[in-house]
Every structure is written in C-alpha cells, then in structure tokens.
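Chemist: Below are the sequence and a predicted model; questions follow.
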Amino acid sequence: MANDQPAETPRDDDLRLQAQALSGKAPPRKAPRDILVETHNSHVQKQVGKPKATNLVKKPILALAYPASYKPVAELEKMRLSELLVETHHEGKILILRTVTPPYQGAGTVVIVEDEHGDADKMGIYNQSERSILSIIPEGSVVAVKEPYYKYNGQDDYMICVDHPSDIIYLKFDDAIIPEKFQLGEGETDTAADWKSAGDKAFLTKSYPISVLCYTRALETDDTNDAAFRTDLYAKRAGANLIMKHYDSSISDAKEAMTGKETDWKLHFTAGRAAYALRDFARCKEFYELALKTKPDNPAVQQELENCLERIKEETEGVFNFKTWPAVHGRGLFATRDIKAGETVFCEKAVCVPNEFNLDHNSAALFANLVRTCHDNPSLHAKVLDLHAGSYKRSEHESDIVDGVPVVDVFLLESIRRKNCFSGPRISDAMWQRRWSARRDGMSRGLWATAAYANHSCVPNTNRSFIGDFLISTATMDIPAGAEITHIYVAPRAIYPLRQQQFRNWGFNCECELCATEAKSSAENQEKRTKTLAELELLLRKKKPTQFQPDASIRPIESLAASSRERRGGQVVQGGKRGITTFEVVKALKFASDAYAALGEEDLAKEYIEAARIGYKTLSGFDDHFAHVRASPNSWI
Ligand SMILES: C[S@@+](CC[C@H](N)C(=O)[O-])C[C@H]1O[C@@H](n2cnc3c(N)ncnc32)[C@H](O)[C@@H]1O
C-alpha cells in the first residue's frame, strides 16, 4: 500500500511568499515575445541530439490543487493572454492559442504560444500521454486551454500551467472557435485523400499520434461516400490506437471497420487484444472466438484465447464481491463461500504498474502512468474513480466526456493513488531467496482495482503476492462465507501506539482483533510490554540463529515472549495458521515437522508440513518451490 505520504515538497518559501503577494494581480513585468521565443529556442537547441529523459514527472502538490475543467469549450468565455492574473485559476474562461515554437520536453512539454492579438506567453503542458499529440505538440498547432491556471516561476517568469490533461483541447483545423488569423491559409489543402496518405506515412515512421490525427481528419473531411475508403481508415486507426494503448478507441474503431467479410478476423483479433488489456476478458473471449470462426488454425489467436481463458478461470474461481459495510471501514471485500487456508482467493491484473522498479521513482512513475491510463481509456478511468480518495473534494464531473475528451483530475487521481496502491516485487517467489534485495531486484508500485477494496487488519486473513503485474491473494486462514476479506497495508509494528500511527496516511484507527484487545490494556501494561518487546528484540538480535541453541539461551527469550503475551491480554495470533506469516515462520514450521517425523509423530509432522506449505503459498502465490525450502534456520535452496 502507499506509504509515501506526505512527501509533498512545498515550493521554496521565498518563492511561495512572492507568489502569494502577486496572487490575483497582473504580472508587474514580463519578458517580451522575442526574448521568450529566443530563450525557449536556445533550450530546445540544447536538447537536440540528446536522448530524451523518460521518467520526469511533475509532482502533484495536493495543497495547491485546483479542479479539472468540466465545461465544454462552447460554454467558456474567450480571454486574452494579457488578461491573465498570477496564481489564479481563471474559472469560466478559455484561451485559444497557437504554438509558435517547437516543444521543449522535460517533466512536461513547454512551448511559447500566441493569441490572435499577437501577445505571447509560455505554456507548460503536463501529464499527457507520451503517445498524445500534445506531448510532442508541433509548431503551428492551435489549442484551447480551458479555465487556465497562471503560475509564477520566480524572477519575472510566468507560465500557463496545464496540469489536467483534459484542460487542453487540440483543435480541429476548421473548428469554428479558431480565430480567422489561425485558420488554414490559401494553398493549404485539406482533402481526405491527403490526410490518409499523411496518416500512412506517419504510421510507417511509427509516429502513431500523428497518424491517428491524420486518419481522424481524413474521416472528418471525407465526402466521397466510399465505404471501402472509410473502412480502411477505421481499421488503420484501430491498429494505431491499439499501439498507443487507447484500448476503448481501438475497439470502437475495429467495430466500425467490420464489414461481415472474412477479413474481419483481423479486426476481431485487434479488438480482442484491446479488450484483454482493459481486463474485459469475457468480451476478449467473444472477439477471439469470432476471429477463430474464420481462421480456426491461426496459432496467434489460439494462443491469445488460451491466455484469456486462463484469466477467466482465475477470475471466476476467485470468490469475492463488494458489499457496503455501514461500519467505519466504508466498503470492503467479502467471501461468498467458505475458503480454506492456502486457497487462492482472487487473482487480478493491475490497472497499471509502470515498468519502473526503481525505489526512488516508482510513486511518480505510477502517478504518471495512472493519469495516462485513465485519460486514454475511459472504461478503466471509471473503475479508478470508484476507489476511495480520502477527503479530496470531487467535482462529480470527473468522468464526464466533454468536447470528446474525458475530464481527468490529476489531483483526484493522486489522492486515489495514495490511498489504494501497493508495492510489490517483480516476483514474490524470488523474495525468499537469500540474495534478494528490494534495491537491486526492484519493487514497483501498482494499482489493483479489486484488491483496493480490501480493508486492513493487523491479523489479516489473506496475503498478497505478485508475478509481474499479476496479484494473487491467498487465504492465510480458513475464511467462512460472509466474512470480510482483509490484508495488511503495512507490516504492523508490535507496539500498539506505534502501530496506530502507521495508519495515519489512510485516516483510520485500526480496531482489528489484535488492536481491539491491546486497546483494552492499561497504559501501565502497554508500557511494560513495550519495554519487554525492546528487550526481546535486543536479545534476538544478539543470537545468531543456528540449528542447535543451548536451552540456557532459549529460556530468557521464552520467558520474555510469555510475559509479552500475557500483557497483550490474550493470545490472538497462532504461528503458522493465522494472520501474518513470514518466511522465517515457514522454515520453523518445516523444521518442527522434520523434528516430529524423527520422533515418529507422523500426524504432527503432517500437520506442521501442511502449515508450512500454506504459509509458503500465501507468501509466494504458488507452492511449486516449497520442496526447496530447507528447514535449517538460515539457509535455503
Ligand atoms: C484501500 S481503501 C479500502 C476500501 C475502502 N474501505 C473503500 O470504501 O473503498 C483504504 C481506506 O479504507 C478505510 N479502511 C481500511 N482499513 C480500515 C480499517 N481497518 N479500519 C477503518 N477503516 C479502514 C480507510 O478509510 C482507508 O483510507
């Protein structure tokens, strides 16, 4: 779970004070157009020939949040660049701008823009998909910026800051709102055939955003009534959209291109792949089956269908549903049938996991990926928006489609990310190998839409494990039908007051059976227990684990452990069968099983080896490598 709050770096104090002083005023001094363009172009020049930095993200500062615009272009009142006020969200207003420079690419895309009156300013466009035309916005593009925010950067430097990806619209060439000065000049052609061939060229050079733009324009300008021409355009755009991960659009284009002829199988295949990426496996299966009707022996379609059937099996064998629980926890996951310890509860593919396993960057990478995934795929956006966002005030227009673009509020998505994401290794099973390290082997953050409904318990009845972007939830104990499915958000600390602090990010006090029991302890008891645990930890750290510990060194540990249990006011955790399992517990259980077997206690040996296997499965998601676990305390495989 996200544990990276609050990490919001407030802007430099001086800058913040200056910004506050200027807030709501016209900028007292501003660089003139030629200086703006010259400075910008010199920055652009410095980038030429250098590899593009790929993982820069503008950090969303929730304290400076402003809502995404949800009003259509037509309802907003045009304003001039010269009317912009510093640190102001210009509600109800719109700027129509033309870019007069090539883009500079950093954490966002910076360009110099002009309005129809010839005034110029700097504009930063953030959180666009790298596959969007707006991230590579060509010189001469005309855009509408809805309800612009004008930011002070220090030292007479200002910028229109477009944080929400839906606050900027790339305008069509003949859009009525485009001022005459920005419209196509004489000699500039605008025919469907030209646009189609420009789109084909862009596709061949892998400039997919431009190819989609050109095919779209070809469809808009087409007046030939030639069905084959249009079908071809839709089919090509479906392919480009699939590559650009615009899965919803890819499916609708593929459907538009279908003619009922044999060649449709390719479109069914495209639509199937898009549906798979959207995790809509039932729809994906339908598309693949249709493709196989025409091409029953196609190995690629057969293989993809097999993958899809696997996902359906995993999903349908999972037994979860959502219930509204009127208690403090909000919504949660509940078992719809009895589940045995060690059983898989559910599996799911992530809504997004950035391909970024660097510990220092994976929160930023997840935020950027989440914004892009939601912007490009309204059906996934809707699933994400349903998740808990803490106290962030929603406008309730976040999933509207306005001017053909889904409204995406980046600050809301950041709030959702903070409350609902998990960290996971590439493969959990690798974690139990001696040389695994988070820094070297990598951890990533991701968002899993089903697991995000599970509430926390310090004595959870499930544990999550990962294979790539696939999450496996496994029961750590028997769960009766109707019981709530819980997992841990962070590994709970042993000391009650410290443990409660761990949940501040999520805004709750834990009242699970462990916490409820400990809450009843007197302050004196809690203090003594804290001391006992500290002594216990010290003692355990000193003891190097070996197979044979003399009784004399084990006795003080046992006595401290017993006293700590007493002070807890009742035993709620039984090693190996309930709650939190660690790999050390698995090894200890296996060790005990071997010991019982040596003593001829076959039933106990069986019971312990089964507990060890279940423990291993909850940690790894599967138990294929369980046989390699050595019972000795400090080595395995
Ligand atoms: C990942 S969401 C879990 C699903 C959430 N209950 C919902 O309604 O969507 C995390 C939020 O659930 C609530 N929550 C989770 N575990 C809880 C617990 N043990 N006690 C109280 N609230 C809890 C908190 O509001 C927390 O910020």
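Modeler: Cool, got the structure. Numbers count the residues shown, from 1 in each chain.

Chemist: Quick check: closest non-adjacent residue to whichever residue of the chain sits closest to the ligand.
Modeler: Using Cβ to the nearest ligand atom, the single residue of the chain nearest to the ligand is residue 330, 2.7 Å away. Bear in mind the C-beta positions are built from the backbone N, C-alpha and C, glycine included. Distances taken as Cβ to Cβ, 6 or more residues apart in numbering put residue 388 closest to residue 330, at 6.3 Å, once the chain neighbours are dropped.

Chemist: tell me the SS of the one you found?
Modeler: The assignment at residue 388 comes out as coil when based on DSSP: H, G, I helix; E, B strand; the rest coil.

Chemist: How about the contacts made by it?
Modeler: 330-331, 416, 419-420, 452 (Cβ atoms under 8 Å, 6 or more residues apart in numbering).

Chemist: Among those residues, name the buried ones.
Modeler: 331, 416, 419-420, 452 (16 or more other Cβ atoms under 10 Å).

Chemist: quick check, nearest of these to residue 349?
Modeler: Taking Cβ to Cβ as the measure, residue 349 lies nearest residue 452 of the buried ones among the contacts of residue 388, at 13.3 Å.

Chemist: The closest one contacts residue 420, doesn't it?
Modeler: Yes - using Cβ atoms under 8 Å, residue 452 makes contact with residue 420 at a distance of 4.0 Å.

Chemist: Need the residues touching each of those two.
Modeler: Residues touching both residue 452 and residue 420 (Cβ under 8 Å, 6+ apart): 387-388.

Chemist: Break the protein down into its structural domains.
Modeler: When the chain is parsed with automatic domain parsing, its domains come out as 13-182, 192-319, 333-577, 581-637.

Chemist: average pLDDT for the shortest one?
Modeler: Domain 581-637 shows a mean pLDDT of 81.

Chemist: now it, how far from the centre of its chain.
Modeler: 35 Å (Cα atoms, centre = their mean, to the nearest Å).

Chemist: And stretch 212-226, by the same measure?
Modeler: Here stretch 212-226 is found 35 Å from its chain centre; the criterion is Cα atoms, centre = their mean.

Chemist: Stretch 155-172 too?
Modeler: Per Cα atoms, centre = their mean, the displacement of stretch 155-172 from the mean C-alpha position of its chain is 24 Å.

Chemist: Can you mark which positions in it are buried?
Modeler: Within stretch 155-172, the residues that qualify as buried are 158-172, counting by 16+ other Cβ under 10 Å.

Chemist: Which two of those residues have the greatest separation?
Modeler: For these, the farthest-apart pair by Cβ to Cβ is 158 and 172; their separation is 29.0 Å.

Chemist: ok, residue 393 - how many residues close by?
Modeler: Residue neighbour count, defined by other Cβ atoms under 10 Å, stands at 11 for residue 393.

Chemist: so which strand or helix has it?
Modeler: Using DSSP states H and E, residue 393 falls within no helix or strand.

Chemist: any idea of the pLDDT on it?
Modeler: You'll see residue 393 listed with a pLDDT of 90.

Chemist: mind checking how far it is from residue 416?
Modeler: Computed as Cβ to Cβ, to the nearest Å, the residue 393 to residue 416 distance reads 13 Å.

Chemist: How about residue 266?
Modeler: Taken as Cβ to Cβ, the span from residue 266 to residue 416 is 37 Å.

Chemist: Next: residue 225.
Modeler: Applying Cβ to Cβ to residue 225 and residue 416 gives a distance of 46 Å.

Chemist: Then residue 196?
Modeler: For residue 196, the distance to residue 416 equals 40 Å [Cβ to Cβ].

Chemist: again, but for residue 56
Modeler: 22 Å.

Chemist: Could you grab the helix/strand/coil label for the residue lying closest to residue 602 once chain neighbours are set aside?
Modeler: Distances taken as Cβ to Cβ, 6+ apart place residue 596 nearest to residue 602, at 7.7 Å, with adjacent residues excluded. In three-state terms, and counting by three-state DSSP, residue 596 is helix.

Chemist: Could you measure from residue 168 over to residue 57?
Modeler: Distance of residue 168 to residue 57, given as Cβ to Cβ: 18 Å.

Chemist: And for residue 586?
Modeler: To residue 57, residue 586 is 38 Å away according to Cβ to Cβ.

Chemist: do the same with residue 285
Modeler: Distance from residue 285 to residue 57, counting by Cβ to Cβ: 36 Å.

Chemist: Also residue 583?
Modeler: Note on residue 583: its distance to residue 57, by Cβ to Cβ, is 34 Å.

Chemist: same check, this time on residue 81
Modeler: 27 Å.

Chemist: now swap in residue 611 and tell me
Modeler: Counting by Cβ to Cβ - residue 611 and residue 57 are separated by 44 Å.

Chemist: Which of the two has more residues huddled nearby?
Modeler: Neighbours were counted for residue 611 and for residue 57 using other Cβ under 10 Å; residue 611 has more, 23 against 19.

Chemist: Isn't the more buried one up against residue 590?
Modeler: No - applying Cβ under 8 Å as the test, residue 611 and residue 590 come out as separate, 9.2 Å apart.

Chemist: where exactly do the helices run in the stretch 1-150 of the chain?
Modeler: Here the stretch 1-150 of the chain has its helices, by DSSP state H, counting those that start in this stretch, at 13-22, 33-47.

Chemist: Could you report the pLDDT at residue 279?
Modeler: 89.

Chemist: give me phi/psi at it?
Modeler: Main-chain dihedrals, residue 279, degrees, to the nearest 10: phi 70, psi 20.

Chemist: which residues touch the residue nearest to it when sequence neighbours are not counted?
Modeler: For residue 279, ignoring the flanking residues on the chain, the nearest one in space by Cβ to Cβ, 6+ apart is residue 349 at 5.4 Å. Each residue near residue 349 by Cβ under 8 Å, 6+ apart is listed here: 279, 311, 448, 469-471.

Chemist: Now with 6 Å, please.
Modeler: Neighbouring residues of residue 349 by Cβ atoms under 6 Å, 6 or more residues apart in numbering: 279, 469-470.

Chemist: near the ligand, which residues of the chain show up?
Modeler: Counting by Cβ under 6 Å from any ligand atom, the positions of the chain adjacent to the ligand are 328-332, 387-388, 419-420, 452-453, 455-457, 506-508, 510.

Chemist: Tell me which stretches of the stretch 351-500 of the chain form strands.
Modeler: 401-402, 405-406, 422-425, 443-446, 455-456, 462-467, 470-475, 484-487 (DSSP state E, counting those that start in this stretch).

Chemist: Figure out which of those strands is closest to residue 343.
Modeler: Nearest to residue 343 among those is strand 470-475 (5.1 Å), distances taken as Cβ to Cβ.

Chemist: For that closest one, enumerate the helices and strands it packs against.
Modeler: Here strand 470-475 touches strand 344-349, strand 462-467, going by 3 or more Cβ pairs under 6 Å, 6 or more residues apart in numbering; DSSP states H and E.

Chemist: Just checking: what are the partner strands of that strand?
Modeler: Paired strands of strand 470-475, with direction, are strand 344-349 (antiparallel), strand 462-467 (antiparallel) (DSSP bridges).
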